[in-house]
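[1] Sequence first, predicted coordinates after that:
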Amino acid sequence: MLNKRIYTVGEITAHIKEIIEDACINDIWVEGEISNLREAIGNLYFDLKDERALLRCIMFQHCLPFSLKNGMKVIVKGDIRVYEKKGYYQLYAKEIKIGGVGELFMKFLELKEKLEKEGLFDEKLKKELPRIPSKIAIITSPDGAALQDMLNVLSRRFPISVVLAPVRVQGEGSAEEIERALNIINSRDDIDVIIIGRGGGSWEDLQPFNEENVARAIFSSKIPVISAVGHETDFTIADFVADKRAPTPSAAAEMAVPDRKELVEYIESNIKRLQKMVENKLTFYRNIVEGMMKRKTFLYPFELLLGKVERWENTFRRLKDAIKKYLNERKREIEVKEEIVKAFNPYAILERGYSICFRLKDNKVFSSIKDVEVGDDIKVIVKDGEAKCRVKEKK
Amino acid sequence: MQSEGEEIKFEEALKKLEEIVEELEKGDMPLEETIRKFEEGIKLCKICKEKLEKAEMKIEKLMEDIK
């Protein structure tokens, strides 16, 4: 209880502010009808009311993709705080959804919670986008501006083959079309990335992307999915399940492909690095080789053969000497034997001036005068020839 | 002996040549064998010389190539 004393307005208001804000009435969703709407310096001021009560609301620096009007049914998310200066509490709005959607929005929150619990939003299960896809599929309306935006971005950044899966993106049966398109594209093996999306619209318009079957089809897609539904401020279940969420269709296209110019620059810088590396390696090895070339072996290569040449020359000389010596010795032996033979040779005396006489009739040597008669023919052999003679007389 | 087509290596030829020279230097072989050995020695000598010349030429050519 408060003391029984006199408080200033400021003191009591601060106290009330403390009590209310301690209650943490934060991030609550409130449904009601807009009245007393006004806008000043980018801030929206309005009251929310129903049959029973009125709640003052303020939204700072709003960037709603739609304009509010008095009498509109909306749901507003925000915190309850006290504005001391004016002495009232109010809802500081953070998000506003156009009304008549209260039920739809609760369904959205329930489904979101359910799928989150099941792990469909698990960051760990999200697939990486390929760095350079070869073909991408776009699931969207063929007539929407979103498709044109995406195609423009793609052709500017990185010309690539695009498969379009035309679907309706709002209204009855569109969720089934989107689901079917996802499944069909997943049965192909040439698609690297899928973009599903549409341009901005009312909360109801975006409903196909809040359907459970679409969420499950995205989750079971083997191909990475980028979700790009509506504007930056719109969040759908598809955005939570998809592998990547893009704030707009154009942003999705930018995510899907690399910028060709950047890529070329990147490749060129890599080529330069590669060149430099190869050059460095070559210089390194060239230095080694040049160092080797300055070694004795290469400066005086014939020295390599020196020992071998010498050994060969030596051996060759020995071979010649050996055969010469051998032949000389053999010759010498023969000469000696010849000497000996000569010594026994009767003709040896001829050398000393003697002569030998033969009888011609029987070619016999005669050494006695009795062996010849006058008139016999004889042969006288001297050292360098022979003479035929006739005996004239005997004594 | 070396089989056909398989060229005798320089070191082998030289070693054989040296063996022959040593045998010849002893000088106690019959003439015909001496001549036969001598003939083989001369052949080996020629082979060795050719191989050395070839090696020299090859070295020269290789040095030429890197100039």
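    Everything's here; your move. Numbering: from 1, shown residues only, chains lettered A, B, ... in the order given.

[2] C-alpha from now on. contacts and neighbour counts both.
    Fine.

[3] so where do the helices sit in the stretch 151-300 of chain A?
    For the stretch 151-300 of chain A, applying DSSP state H, counting those that start in this stretch gives helices covering A:174-186, A:212-219, A:237-241, A:249-256, A:260-293, A:296-299.

[4] who touches the spatially closest residue to A:D27 that is not a sequence neighbour in this structure?
    Spatial nearest neighbour of A:D27, excluding adjacent residues (C-alpha to C-alpha, 6 or more residues apart in numbering or on different chains): A:G78 at 4.8 Å. Neighbouring residues of A:G78 by C-alpha atoms under 8 Å, 6 or more residues apart in numbering or on different chains: A:26-29, A:91-95.

[5] Ok, A:W312 next?
    A:W312 neighbours (C-alpha under 8 Å, 6+ apart): B:14, B:45, B:48-49.

[6] Considering only those, which also neighbour chain A?
    Here is what survives when those are matched to chain A using C-alpha under 8 Å from any C-alpha of the partner chain: B:14, B:45, B:48-49.

[7] Just give me the closest of those residues to A:R318.
    B:C45 (11.2 Å; C-alpha to C-alpha).

[8] What is the neighbour count of the spatially closest residue to that closest one that is not a sequence neighbour?
    Leaving aside its sequence neighbours, B:C45 sits nearest to A:F316 (C-alpha to C-alpha, 6+ apart; 6.4 Å). By other C-alpha atoms under 10 Å in any protein chain shown, 23 other residues sit near A:F316.

[9] Roughly how far does the residue nearest to A:D27 sit from chain B?
    85 Å (C-alpha to the nearest C-alpha, to the nearest Å).

[10] I'd like to know the beta-bridge partner residues of the closest residue in space to A:I356 that isn't next to it in sequence.
    Excluding its sequence neighbours, the residue lying closest to A:I356 (C-alpha to C-alpha, 6+ apart) is A:I381, at 5.1 Å. Beta bridges link A:I381 to A:I356, A:E386, judged by DSSP bridges.

[11] May I have the residues that are in contact with A:I381?
    A:350, A:355-357, A:387.

[12] What are the boundaries of the helices in chain B?
    B:10-26, B:31-66 (DSSP state H).

[13] possible to save those helices as TSV with distance to A:H15, mean pLDDT and mean neighbour count?
    Formatted as TSV, these follow (distance: least, C-alpha to C-alpha, whole Å; pLDDT from 0 to 100; neighbours: other C-alpha atoms under 10 Å in any protein chain shown):
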stretch	distance to A:H15	mean pLDDT	mean neighbour count
helix B:10-26	113	86	18
helix B:31-66	98	84	15
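
[14] I'd like the mean pLDDT over stretch A:45-58, please.
    Stretch A:45-58 shows a mean pLDDT of 92.

[15] May I have it exported as CSV, CA atoms only?
    Taking C-alpha atoms only, stretch A:45-58 is exported to CSV below (Å, rounded to 0.1, in the frame of the first residue of the first chain):
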residue,chain,number,x,y,z
TYR,A,45,-1.7,7.3,-34.0
PHE,A,46,-5.0,5.5,-33.6
ASP,A,47,-7.4,3.9,-31.2
LEU,A,48,-8.4,0.3,-31.3
LYS,A,49,-11.9,-0.4,-30.1
ASP,A,50,-14.5,-3.0,-29.8
GLU,A,51,-18.0,-3.0,-28.2
ARG,A,52,-16.5,-2.8,-24.7
ALA,A,53,-13.4,-0.8,-24.7
LEU,A,54,-10.9,1.5,-26.4
LEU,A,55,-7.1,1.1,-26.5
ARG,A,56,-4.8,3.9,-27.6
CYS,A,57,-2.1,2.8,-30.1
ILE,A,58,1.0,4.4,-31.5
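
[16] Pull out the buried residues from that stretch.
    The neighbour-count check on stretch A:45-58 (16 or more other C-alpha atoms under 10 Å in any protein chain shown) flags A:45-49, A:55-58 as buried.
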